[in-house]
Structures are given as C-alpha cells and as structure tokens.
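Asks: Show me how the following folds:
(one chain, ligands or ions: 1)
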Amino acid sequence: MRPLALLGGTFDPIHNAHLRVAWEAAECLDAEVRLVPAPVPPHRAQPVASAEQRVALVRAALTGQERLVLDTRELRRAGPSYTVDTLAELRAEIGPQRPLVLLVGADAFAGLPSWHRWTELFSHAHIGVLTRPGHGGTLPTELRTRIASRRANHADALRTTPAGRVLAITVTPLEISATQVRSLLAAGREPRYLVPDALLAEPALLAPYRA
Ligand code: ATP
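Replies: Coordinates of the predicted model:
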C-alpha cells in the first residue's frame with residue numbers, strides 16, 4: 001500500500017532544503033508526503049512568525065506541484081501539539097494496514113528521546129531519517145538501543161509493514177537552515193535561491209523576518 005509520510009517542523013520559514021528532502025523522500029518511498037507545521041513546538045524556542053504566517057509561507061512554497069501537500073491539523077488542535085498525537089490521529093484515519101512514515105532530519109532524530117512519549121512513536125509509524133550535513137554523529141545510547149532491532153536497509157521494509165521500522169534516507173546534502181534564512185532577512189539581505197521564488201514574489205510573506 002502507498003505509504004503516507006509526514007514532515008513536521010516549525011518551517012520558520014520553509015526553505016528549499018525542506019522541499020527538496022521531502023521530495024526525495026516521496027520518491028524513495030513512493031509516498032504521499034504531507035508537510036505539517038507545528039503551532040506550538042513543545043521542545044523549541046517560539047517561532048518568529050505566527051502559525052498563520054508560517055502556513056501562508058508553506059502554502060506559497062507548494063504551489064505548482066501536487067506531490068507535497070500541506071496538512072494544518074496541528075493548528076486546529078488546542079494546547080501543545082505532540083507528534084505522537086498527530087501520528088495516532090493519522091493512524092486512526094488511515095486504518096491499521098497502510099504504512100505511515102514520520103520523516104525527520106538527522107538533527108531532529110538525535111533529539112528524539114526528548115520528545116513526548118517518544119517510545120510510542122514506533123507503534124504508530126515508521127521513522128525515515130533524512131541525512132543532513134553536519135548532523136551524522138553518534139546517537140544517544142537510549143535511542144541506539146531502542147532502534148537496534150528496528151533498522152531497515154531498504155525502503156521496501158517500510159512499504160510492506162504499517163509501522164515500527166527505522167530507515168536512513170540519503171538525500172542530497174543541502175546546508176540550508178531556517179536560522180540562516182532568518183539571519184539573512186534580519187540583516188536586510190535577500191535569501192534568493194535558498195527559498196522558493198514564490199516567497200520573494202509576495203513581499204508580505206517574509207515581512208515578519210525583515211528588520
Ligand atoms: P531552524 O534553523 O529554525 O532550527 P530548520 O531549518 O532545522 O530550522 P525545521 O522547520 O526545524 O527547519 O525542520 C523541519 C524538519 O526538516 C526537521 O526534521 C529538520 O531536521 C528537517 N530539515 C530541515 N532542514 C534540513 C536540511 N537542510 N536537510 C535535511 N533535513 C532538514
């Protein structure tokens with residue numbers, strides 16, 4: 001069955017690496033990929049732009065293609081939004097059989113043990129770990145131990161079971177971060193070619209980050 005995959009994030013703002021790695025994951029897994037902006041990231045500093053502004057940026061970034069889809073479910077939920085709840089909700093919607101894949105960058109994956117009820121993530125979904133430049137180091141011991149028996153060597157393992165495996169997905173190394181895009185904008189510079197042209201075409205979209 002065609003997997004459903006999601007890439008959560010603050011997307012403060014969305015940039016070309018988000019789009020490209022999500023695209024490559026979609027191809028690697030032959031999956032439908034949803035981008036899921038987080039309104040109140042529980043374990044992160046508060047974003048610069050509001051949830052609505054970040055959603056508008058993601059929406060603009062996704063125009064002109066259909067493979068990557070915006071999913072605003074976390075914005076409709078009251079209180080802090082936890083990935084484990086989002087996965088449980090999606091699992092209830094798609095039924096027990098369809099593969100569900102949580103995509104995370106290598107940096108986010110290394111921090112998994114700080115996530116709310118993180119050990120339950122595997123019962124709802126697979127995890128696809130996207131390579132990211134500068135983030136290939138050793139994993140915390142508790143995470144390494146927890147995933148040792150879950151490692152998959154090929155995307156097929158994620159396509160034939162609904163949840164519970166961990167696959168490293170090698171994507172084009174793109175050293176772009178939202179932090180970098182925010183600093184450029186705050187310094188009065190234009191992040192052209194780091195973000196989709198659509199974000200620059202409408203000045204109001206990136207206004208929250210400009211000095
Ligand atoms: P910030 O610089 O504000 O920390 P970010 O660029 O890491 O932001 P997020 O919105 O936090 O962007 O990222 C959402 C998801 O996309 C995370 O799982 C993150 O690891 C992944 N990601 C972001 N940028 C890259 C990249 N250049 N390569 C691979 N994965 C990435």
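Asks: So, low pLDDT: which residues of the chain?
Replies: 40-44 (pLDDT under 70).
Asks: Any idea what the residue of it found nearest the ligand is bridged to?
Replies: For the chain, the residue closest to the ligand is residue 105, as judged by C-beta to the nearest ligand atom, at 1.9 Å. Every C-beta, even on glycine, is put in place using the N, C-alpha and C of the backbone. Taking DSSP bridges as the rule, residue 105 bridges to residue 130.
Asks: Would you enumerate the residues in contact with it?
Replies: 21, 129-130, 132, 135 (C-beta atoms under 8 Å, 6 or more residues apart in numbering).
Asks: Got a quick ChimeraX command for the buried subset of those?
Replies: Buried members of the contacts of residue 105, defined by 16 or more other C-beta atoms under 10 Å, are picked up in ChimeraX with:
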select :21,129,130,132
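Asks: Output the contacts of residue 105 as TSV; include the columns distance to residue 165.
Replies: Listed next are the contacts of residue 105 as TSV, based on distance: C-beta to C-beta, whole Å:
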residue	distance to residue 165
21	19
129	11
130	15
132	20
135	21
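Asks: element containing residue 74, please.
Replies: Element membership of residue 74 [criterion: DSSP states H and E] is helix 73-76.
Asks: Kindly report the same for residue 200.
Replies: Element membership of residue 200 [criterion: DSSP H and E] is helix 197-201.
Asks: rewinding a little: mind listing what's buried along the helix holding residue 74?
Replies: Neighbour-count burial for helix 73-76 [16+ other C-beta under 10 Å]: 73-75.
Asks: Show me what it is packed against.
Replies: Helix 73-76 sits against strand 32-37, helix 83-94, with contacts defined as 3 or more C-beta pairs under 8 Å, 6 or more residues apart in numbering; DSSP states H and E.
Asks: Mind giving me the packing neighbours of the helix or strand following the first one?
Replies: If I follow you right, that is strand 32-37. Next helix or strand after strand 32-37 toward the C-terminus (DSSP H and E): helix 51-61. If contacts are counted by 3+ C-beta pairs under 8 Å, 6+ apart, helix 51-61 sits against strand 32-37, strand 68-70, helix 197-201, helix 203-206.
Asks: Point out the other helices and strands that the third one packs with.
Replies: Helix 197-201 is packed against helix 51-61, helix 203-206, with contacts defined by 3+ C-beta pairs under 8 Å, 6+ apart.
Asks: if you set the cut-off to 7 Å instead, what comes out?
Replies: helix 51-61 (3 or more C-beta pairs under 7 Å, 6 or more residues apart in numbering; DSSP states H and E).
Asks: any residues touching the helix it packs on, and which ones?
Replies: The contact list for helix 51-61, computed with C-beta atoms under 7 Å, 6 or more residues apart in numbering, reads 11-14, 19, 35, 37, 39, 47, 70, 72, 75, 196, 198-199, 202, 205, 208.
Asks: go on, stretch 86-102?
Replies: Here stretch 86-102 makes contact (C-beta under 7 Å, 6+ apart) with 1, 3-6, 29, 31, 36, 73-74, 83, 121, 124-128, 158-159, 161-163.
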